[in-house]
Structure formats: structure tokens, C-alpha cells
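**Q** I need the structure of the sequence given here:
(one chain, ligands or ions: 1)
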Amino acid sequence: MKYISTRGAAPVLNFGEAMMTGLARDGGLYVPEAVPVMSKDAIAALAGQSYEETAFRVMRPFLGDTFGDDEFRGLIARAYAGFGHAARAPLVQLAPNHFLLELFHGPTLAFKDFAMQLIGQMMQAALEKSGQRITIVGATSGDTGSAAMEAFRGLGNVDLFILYPHGRVSEVQRRQMTTPVEANVHALAMDGDFDDCQARVKDMFNDFAFRDGVRLAGVNSINWARVLAQVVYYFFSAVALGAPHRAVSFTVPTGNFGDIFAGYIARQMGLPIEKLVIATNQNDILDRALRSGAYVTDGVKPSISPSMDIQVSSNFERALFDAYGRDGAAVAQLMAELKAGGFHISQGALEMLRATFASGRCSEEETTATIRAAHAATGEVLCPHSAVGVKVAEENLGPTPMITLATAHPAKFPDAVEGAMGLRPALPPRMGDLYSRPERVTRVANDLAALQALIRERTGH
Ligand SMILES: N[C@@H](CCOP(=O)(O)O)C(=O)O
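**A** Numbers count the residues shown, from 1 in each chain. Just a heads-up that it's a prediction; the model follows:
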């Protein structure tokens, strides 16, 4: 299995190399040269299997010889052992044809744990073999950062730096990043919004002297391994509802486009997915782009679903690569135009995207109303991101079962949930002392050179 860049001008890599590389050296994102297809029988045989076994069978064809089978099974087992639900990703029924996939039973209470716990294991195994030490720099609007801290804290061969937008994540998210005591993890509160944080991370990857000097790696969904690990729960939930004999649709609360792109890969692998519905909050660039063809940034607006406060959705580049017939030069041109504010998607590419994705937007008031209504109707307490998904899913219900991804636990956003339904969701007992733990954070300016100096100093490079 080979991996190529969406901009067509970076070395072709194997899985292990792509995982440790993060962003391609031409600024693009790695994707498989060809997506392996699972036969109908192989999908049917996933029925009744554990989450771990499903992960093994779905991911194995993408790995080449990076890990042996027994080794990979061991990594998967360790990754999911700490989840707080025996099913790992339980399905809850909300309405006759509407299901919620609870992806918040991992250690940091967000869907990011599914991939981050596993790539933590995979990267650690790869580093033990190579004897290397790496520096991971990630950007977060709240959930990726906490999941990465949890997966990499205390590892001897990794220094982890997480950039988050100062004042724009929930208190629980912030404390999850600022309270780990291990010296190898660093929370950096940066001036600006998530797009600024993500842009500085990409700048660091595009500065080869810095990148090679600190041995830079990434754990955002620019890293293909992150996306791949998220493909698994599409299979797991769809099979539980009768795939491959019955098609399903998914609605995905979307910010950086990585989670829904994982659904797109599942569809390419042969999972019968009828519709993939993009659900956005008031930062609705993806919904606008799909409706009008204009992908134009408009400034990030803070919302009660902060993890989705994003305008530049990194993984949309992967979808564009396919929509433009895998023409790397065309994608590179679009990304250059994006730096200047935006671009227009060609008619052919737009038709391809619309054949796969639908979209919808949820305002702040609608998010609050959905939290309230879902609780009254079903007893389910939604986080604001999941509420965005449920509201948009309700507009897209039809004869095909709809699965909405519940991306985070409501207790990560207690103010928003309490504001909506008058009840303050409690953190699980194991996190009960989160509010009393001392915080450790460095305030940083949105300044590439200063950030690089700080990282060099702390890593000794
Ligand atoms: N919503 C994310 C933003 C980063 O996304 P990623 O999937 O590329 O890591 C967050 O919560 O940090």
C-alpha cells in the first residue's frame, strides 16, 4: 500500500512513513494510492465482532508490512482497553429511523480518543523500533489537544506541543490540556483562532530546516493514520444496523472535515452509505461551499460548539483531490487561492462532491433548542456539537436509517448544556478532581519564529 500527496509533488511513502511524516513535503496531505475494497461477504462477517476485531479487519489492508498481525492486534487491544463502555461505540436510538453513535466513552470523552489512543500506540511501537525521538506539534479547537495529551503524556521518545486558541475552548477542554503533570507535554495558549493555530503548525512543517531539526510529526487529521482509525466506527455501526444488506446514512458534526472524510473512505471501501451529511455550526463554510460552489473564508465566529469553530477545513483538500480527478497541480492551485481568501469549485468537482455529501447548518439558538428537545423526547443529553449533528440529521431523515455521530460527552461543555436544559452534566468520577488540579500553560503570540524558538529551547534542538 502506497501513499501519495494531494499536491502530487512529495515522495511516495508506505503507511509507517506516512504516519510519522504528517504533512507531505509539498504541503499536501497523504492519501492511499488506491483504496482497498472489502467484499460484501467480508463486511457481512463483521457482524457480531468486537470493536477491536472490526478495527483489525478494516485497517489491516492499509498497513502493508508496518506491523505484524499479532503486533497490530496487541496495539489495538491496548488502545481501547481504557474505554468506559464495553461496546466502545454504542448506538442509541433517538427516533424510528434515527440513531446516535456515542463516540465519547474514551479517556478524554471525545471521538478523538478512537484514533489518538491507537496512533499513540502505533507511533510508540514505531519509535521503539527506530530508536528515534520526535517532536509532535498539534493545533486544537479543544478535543484533539486533550486526546493527544492523554495518548502521549509520559512517553520518553516524544515531546508534544499543543497550540490552542486562548479563551476559545471550554474550561473542561482547557483543563484537560493544562493539568497533565508529565514534562514531555506542553499546552500553549495562542492569540488568535483555531485557523491561526493550524496555520502555524503547517508553517512549521513547511519550514524544512525546523521540521528536520526537531524531527517534527503531526497528530492532527492531516496525519492519514488519524483518518484511517476513524473509518472503523463507520463499519462497526453500519454493520450493527444491517450493512451490507441494508444501506445507512451518516450525519457528522464537522470542523476540520477529518471525521466525515473517514466516512467517505468507508464508502469507497464498499460500505453501503447512501448519504454523508456535513453538519456545521455558524462557521458554515462547508455548507456554503456545497450549496454555492464558493469556498470563501469569513472569519471564525466563536460558538457554543467550539470544537467546530473552524473555517479552513484541512481535510476538504483530500475530498477536492478526488473531485478534481486526483490532479495534484489543480489542488495546489486551489490551496494557493485559499491563502488569499478562497476559490470557486469547478462544476464537475462540485457535482462529484454533491453526489457524495449533503450539508446543513445549525444556528446557536437551534443548537440550544435541540439539546432541550432531545432530552425531553429521549432522555439523551447531547453535547452542543452532537446537537448540531442531530438537528441537521433531522432535516435529512428518510427511509434509510440515519446515524448521527455524537462526538463528545456533554460534561465537556457544561455551561452550554446547562444553559439549554437547566441541568449541569457531571464529569465521570475518574475526572472528578479536574477543577482542583493545578494548571500549567504558556501564553504565546501568533508568531512563527517565537513558537519555533520556544519548541527548540524546550526540546534541546
Ligand atoms: N475539532 C478539532 C480541530 C482539529 O481537528 P483534527 O481532527 O485535524 O485534529 C479539535 O477539537 O481540536
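**Q** those residues of the chain touching the ligand, which are they?
**A** Taking Cβ under 6 Å from any ligand atom as the contact definition, the chain meets the ligand at 140-145, 220-221, 255-256, 258, 307, 314. Any C-beta I mention is one placed from the backbone N, CA and C, and that applies to glycine too.
**Q** quick check: closest non-adjacent residue to residue 214.
**A** residue 135 (4.1 Å; Cβ to Cβ, 6 or more residues apart in numbering).
**Q** give the contact list for the one you found.
**A** 158-161, 214-217, 455, 459, 461 (Cβ atoms under 8 Å, 6 or more residues apart in numbering).
**Q** change it to 7 Å
**A** 159, 214-216, 455, 459 (Cβ atoms under 7 Å, 6 or more residues apart in numbering).
**Q** that older thread, which of the residues of the chain next to the ligand fall in helices?
**A** 143-145, 258 (DSSP state H).
**Q** show me which pair in those residues is furthest apart.
**A** Pairwise distances across these (Cβ to Cβ) peak at 14.4 Å, for the pair 145 and 258.
**Q** right, and residue 285 touches residue 299 too?
**A** No - between residue 285 and residue 299 there is no contact under Cβ atoms under 7 Å: 10.2 Å.
**Q** the more surrounded of the two?
**A** Set residue 285 next to residue 299 and count neighbours by other Cβ atoms under 10 Å: residue 285 wins out with 20 against 8.
**Q** how much space between that one and residue 143?
**A** 19 Å (Cβ to Cβ, to the nearest Å).
**Q** can you check residue 93 too?
**A** 25 Å.
**Q** same question for residue 178.
**A** Distance, residue 178 to residue 143, by Cβ to Cβ: 15 Å.
**Q** more crowded one of these two?
**A** Higher neighbour count among residue 178 and residue 143: residue 143, with 28 against 22, using other Cβ under 10 Å.
**Q** how about that one: what's its closest non-neighbour residue?
**A** Residue 143's closest residue in space is residue 110 (Cβ to Cβ, 6+ apart), at 4.0 Å.
**Q** hmm, back to that, okay, residue 145 and residue 258: which has more neighbours?
**A** For residue 145 versus residue 258, the count of surrounding residues by other Cβ under 10 Å is larger for residue 145: 32 against 25.
**Q** three-state assignment of the closest residue to that one other than its chain neighbours?
**A** Leaving aside its sequence neighbours, residue 145 sits nearest to residue 162 (Cβ to Cβ, 6+ apart; 4.0 Å). Assigned with DSSP: H, G, I helix; E, B strand; the rest coil, residue 162 falls in the strand class.
**Q** picking that back up, in three-state terms, label the residue nearest to residue 214 for me.
**A** Assignment for residue 135 (three-state DSSP): strand.
**Q** tell me the spacing between it and the ligand.
**A** Distance, residue 135 to the ligand, using Cβ to the nearest ligand atom, to the nearest Å: 17 Å.
**Q** could you give the bridge partners of that residue?
**A** residue 159, residue 216 (DSSP bridges).
**Q** also residue 163?
**A** Going by DSSP bridges, residue 163 forms beta bridges with residue 139, residue 188.
**Q** now residue 5
**A** residue 30.
**Q** okay but it is in contact with residue 28, surely?
**A** Yes - contact criterion Cβ under 7 Å: residue 5 and residue 28 qualify, at 3.8 Å.
**Q** name the residues contacting each of these two.
**A** Residues touching both residue 5 and residue 28 by Cβ under 7 Å, 6+ apart: residue 328.
**Q** biggest separation within the contacts of residue 135, which pair?
**A** So, these by Cβ to Cβ: farthest apart are 215 and 455, at 11.3 Å.
**Q** please say which of those two ends up with more neighbours.
**A** Neighbour comparison, residue 215 and residue 455: the larger count goes to residue 455, with 21 against 15 (by other Cβ under 10 Å).
**Q** that one belongs to a helix?
**A** Yes - counting by three-state DSSP, residue 455 is part of a helix.
**Q** what's the closest non-adjacent residue to it?
**A** residue 161 (5.7 Å).
**Q** for the one you found, what are its contacts?
**A** 137, 186, 188, 455.
**Q** kindly recompute the last result at 8 Å.
**A** 135-138, 186, 188, 455, 458.
**Q** okay, those residues in CSV with pLDDT next?
**A** Below are the contacts of residue 161 laid out as CSV (pLDDT from 0 to 100):
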residue, pLDDT
135, 98
136, 98
137, 98
138, 98
186, 98
188, 98
455, 98
458, 98
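**Q** mind listing the strands for the stretch 51-200 of the chain?
**A** 91-95, 98-102, 134-139, 158-165, 185-190 (DSSP state E, counting those that start in this stretch).
**Q** want to throw these into CSV with distance to residue 410?
**A** CSV is the format used below for those (distance: least, Cβ to Cβ, whole Å):
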stretch, distance to residue 410
strand 91-95, 13
strand 98-102, 11
strand 134-139, 24
strand 158-165, 20
strand 185-190, 23
